[in-house]
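Participant: The sequence and its predicted three-dimensional model are supplied below.
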Amino acid sequence: MANKGVSRLAIAAAAMGVLWSGQANAQQASGTGRKGGTTAAPDNEQQEIIVTAQRREQRLQDVPIAVTALSAAELHRRGVTDFETYLRQTPSAYFANGESQGSEVKLRGVGNGTAQLSPTVAVYLGDVPVIHTGRSINSSYNFALIDMNRVEILRGPQGQLFGANSLGGAIRNIPNQANLSGFSVGASATGSKTDHARGNYAFDGTINLPLSDSVGVRLTAYTSQQSGWYSNVYAGGPRLATLARPLPLPPPVLARVPGGLLPRIIAANPAIGAYSAPAVN
């Protein structure tokens, strides 16, 4: 009986030792967490994202609707250069690129199942809506994202702020504004080769020119060529592209003046094979 009592006492002491050790570790861990929290706050402030999802500047966490905001740094990190690429990486978003048959965008599954009817998601370049005209190559949403400040994806009905055709939500592609602090120039180029076809390339450039303390000009230009994956075997016919997607110029901010006036010009000249379909908006 005495041996059993000693064994029980040893087991109880061991259990208390484990419990005490766990409490000490928990206290040490919680103390470390409090110390780390004080140093993490400045990082959160530096990474704070300001959006205009409700037509006014707000912190992302203060917006009372479901919003996904992608900054220019995040777009660069993901290697995103066009509308289709980031949309395919966005949860609850769907993009069907029908090329010459038109394109369709859905958010949260809200759509009409065809590109020939009015869209259910409003797409904007800055504050300019991208016009969807059904079966038209010029209405393709797959434009280039060059010199963008951020992308805002708003889920749910947005008719009050963004008008018709926004039952599923709205997507705002917001370009950089003219910077009045100084002159700057930027450019980039990419190239590749498709087997048994011609080369592929893309060029873009941006010029920022402050004219005064309150007026500045920012111009952005972009061009690309994507070769096809097959050839036209019809006698005498040119090599066919893969119904090349039109990549219109992003909206360059031509001027920044008091009162928020931001004139823009959007122009594109997409080509499919030997055919050209110019468009100016």
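Facilitator: Sure thing, it's come through.
Participant: Isn't residue 87 up against residue 93?
Facilitator: Yes: here residue 87 reaches residue 93: they are 5.1 Å apart, a contact under Cβ atoms under 8 Å. Backbone N, C-alpha and C define where each C-beta goes, glycine included.
Participant: what do these two both touch?
Facilitator: residue 105 (Cβ atoms under 8 Å, 6 or more residues apart in numbering).
Participant: what's around residue 221, how many residues?
Facilitator: The number of residues packed near residue 221 is 16, by other Cβ atoms under 10 Å.
Participant: That one - that's part of a helix, no?
Facilitator: No: read with DSSP: H, G, I helix; E, B strand; the rest coil, residue 221 is strand and lies in no helix.
Participant: Thought residue 202 was touching it, still the case?
Facilitator: No: if you go by Cβ under 8 Å, residue 221 and residue 202 don't touch, sitting 11.6 Å apart.
Participant: so who does residue 188 touch?
Facilitator: By Cβ under 8 Å, 6+ apart, the neighbours of residue 188 are 203-205.
Participant: and with 6 Å instead?
Facilitator: Taking Cβ atoms under 6 Å, 6 or more residues apart in numbering, we find residue 188 in contact with residue 204.
Participant: Which stretches in the chain count as helices?
Facilitator: 2-46, 72-78, 83-88, 159-162 (DSSP state H).
Participant: Residue 185 is in contact with residue 207, isn't it?
Facilitator: Yes: here residue 185 reaches residue 207: they are 5.4 Å apart, a contact under Cβ atoms under 6 Å.
Participant: Which one's more surrounded, those two?
Facilitator: Using other Cβ under 10 Å, the more surrounded residue of residue 185 and residue 207 is residue 207, with 15 against 9.
Participant: Around the residue lying closest to the more buried one once chain neighbours are set aside, count how many other residues there are.
Facilitator: Closest residue to residue 207 apart from its sequence neighbours, by Cβ to Cβ, 6 or more residues apart in numbering: residue 219 at 4.9 Å. Neighbourhood size, residue 219 [other Cβ under 10 Å]: 16.
Participant: again with the one 4 residues further on
Facilitator: A count of nearby residues for residue 223, using other Cβ under 10 Å, gives 13.
Participant: For the residue lying closest to it once chain neighbours are set aside, list each beta-bridge partner.
Facilitator: Spatial nearest neighbour of residue 223, excluding adjacent residues (Cβ to Cβ, 6+ apart): residue 203 at 5.5 Å. Residue 203 has these beta-bridge partners by DSSP bridges: residue 189, residue 223.
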